[in-house]
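1. Here is my input; please provide its structure:
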Amino acid sequence: MNSPCYSVAMDLGVCQLRNFSISFLSSLLGTETSVKLDNSSSGASVVAIDNKIEQAMDLVKSHLMYAVREEVEVLKEQIKELIERNSQLEQENNLLKNLASPEQLAQFQAQVQSGSPPSSTQGTQPPAPSAQLAGQNTGPSA
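-> Coordinates of the predicted model:
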């Protein structure tokens with residue numbers, strides 16, 4: 001602790017911490033900042049350093065907030081799309097339930113409960129219900 005600048009070890013530690021903080025934030029921001037504290041430095045230079053650190057932190061905060069806002073917008077759009085897709089699938093499911101015979105529904109329930117994959121009995125199913133649904137989903141084009 002032979003620093004000519006500070007006689008108390010705590011003052012030296014504070015000086016080193018401030019220098020590290022400024023160097024670190026400068027490297028993050030890509031700016032050149034050279035701050036030197038010596039015997040001639042006054043309370044004003046300490047305040048100036050604190051102000052620089054605060055400005056850098058505010059800049060980092062604003063960049064983070066911008067990134068978070070963008071991510072929130074992307075997630076809102078994804079939620080909207082998923083809600084629309086879920087609604088379409090529910091409509092298709094209801095249509096298929098209405099078009100299926102009671103025997104087909106019973107067979108399907110049995111398969112779901114047993115965990116076996118649905119069998120391909122195309123001959124007993126009504127013809128192309130999804131094509132009918134597609135025709136219903138297309139509204140008037142304007």
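
2. What mean pLDDT does stretch 101-113 get?
-> Stretch 101-113 shows a mean pLDDT of 91.

3. Per-residue pLDDT of Val60, please?
-> On the pLDDT scale, Val60 gets 93.

4. What's the local residue count around it?
-> Applying other C-beta atoms under 10 Å, we find 13 other residues in the vicinity of Val60. For the C-beta atoms, the positions are set from N, CA and C on the backbone; glycine is no exception.

5. any idea which helix or strand carries it?
-> Using DSSP states H and E, Val60 falls within helix 43-99.

6. Which SSE is immediately downstream of that helix?
-> helix 102-114.

7. And that next one, what's buried?
-> Residues of helix 102-114 classed as buried: Gln104, Gln107 (neighbour count, 16 or more other C-beta atoms under 10 Å).

8. Also stretch 48-63?
-> Ile49, Lys52, Ala56.

9. swap in stretch 79-94?
-> Neighbour count says stretch 79-94 has Glu92 buried, by 16+ other C-beta under 10 Å.

10. Output the below-cut-off pLDDT ranges for this protein.
-> Scanning the chain for pLDDT under 70 picks out 1-42, 118-142.

11. at 80 instead, please
-> 1-43, 116-142 (pLDDT under 80).

12. With distance to Leu89 as extra columns, can I get the buried residues of stretch 48-63 in a markdown table?
-> Listed next are these as a markdown table, based on distance: C-beta to C-beta, whole Å:
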| residue | distance to Leu89 |
| --- | --- |
| Ile49 | 59 |
| Lys52 | 56 |
| Ala56 | 49 |
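
13. Tell me the helices and strands packed up against the helix holding Val60.
-> Other helices and strands packing on helix 43-99, by 3 or more C-beta pairs under 8 Å, 6 or more residues apart in numbering; DSSP states H and E, are helix 9-29, helix 129-137.
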